[in-house]
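what would the 3D arrangement of this be:
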Amino acid sequence: PGECLALGLMTEIELSASLNILQDPDLSINRIRRCLKKYYVPTEIPADIDTDDLINAIKAKSDMTNGGFKMVMIQSIGQALTPNPIVAINEHTVRKVLTSKQDSISVSPTKIEGVLSVPGSKSVSNRVLLLAALGKGKCRIQGLLLSDATEV
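Okay, the predicted model is just below:
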């Protein structure tokens, strides 16, 4: 599950960049990739995963609209697209990002420290909880969305 969430997060970030929504995409993508790697989760889709199988899995697990997949777009780290971060992305655009970013998984272990402000989003809150659970040592999280889906 952690691997899927990390890859989903990276896909949404890459989509935000490809649609020119993400400000300073190279810096943001690299910072998020480095953060995820510190938790030993993949940040790129392995080359041996078939894109069609991946698209079908996303279709089976994702909310869909007539316009395509519902995905969260971000403007910058910690800042979702406003006024509505959920955007319908057509399959062609998703497929383009997935195939352009397929590569092997590389992980470099190290220690991470810092403060992260979490927006009141169920999706982001669940990802933060997952990252905290995967980490070692103490982790204090503030600002999580209070809902049944994030209750621990």
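
low-confidence regions, this protein specifically.
Low-confidence segments of the chain (pLDDT under 70): 1, 67, 101-120, 149-152.

strands of that one, start to end?
Assigned by DSSP state E, the strands in the chain fall at 64-65, 68-72, 74-76, 79-80, 86-89.

which elements pack onto the second one?
Spelled out, that is strand 68-72. helix 2-18, strand 86-89, helix 91-100 (3 or more CB pairs under 8 Å, 6 or more residues apart in numbering; DSSP states H and E). All C-beta atoms are positioned from the backbone trio N, CA, C, and that covers glycine.

quick one: that strand to helix 91-100, angle?
Calculated by axes from the mean of the first three to the mean of the last three CA atoms, to 10 degrees, strand 68-72 forms an angle of 60 degrees with helix 91-100.

buried residues in strand 68-72, which are they?
With burial defined by 16 or more other CB atoms under 10 Å, the residues of strand 68-72 counted as buried are 68-69, 71-72.

list of residues touching that strand?
With contact meaning CB atoms under 8 Å, 6 or more residues apart in numbering, strand 68-72 is reached by 11-12, 15, 58-59, 62-64, 80-81, 85-91, 93-94, 121, 123-124.

again, 10 Å this time
8-9, 11-13, 15-16, 19, 55, 58-59, 62-64, 80-81, 84-94, 121, 123-124, 127 (CB atoms under 10 Å, 6 or more residues apart in numbering).

likewise the fourth one?
With CB under 10 Å, 6+ apart as the test, strand 79-80 has contacts from 16, 21-23, 28, 72-74, 85-86, 117, 119, 121, 123-124.

partner strands of that strand, parallel or antiparallel?
strand 74-76 (antiparallel) (DSSP bridges).

sorry, back to before: now render the buried residues of strand 68-72 as a markdown table, adding distance to residue 45.
Shown next, in a markdown table, are those (distance: CB to CB, whole Å):
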| residue | distance to residue 45 |
| --- | --- |
| 68 | 19 |
| 69 | 16 |
| 71 | 15 |
| 72 | 18 |
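
which of those lies closest to residue 37?
residue 72 (21.1 Å; CB to CB).

thinking again about what came up before, just the helices and strands packed on strand 68-72: most buried one?
Comparing the helices and strands packed on strand 68-72 by mean neighbour count (mean count of other CB atoms under 10 Å), helix 2-18 ranks first with a mean of 20.
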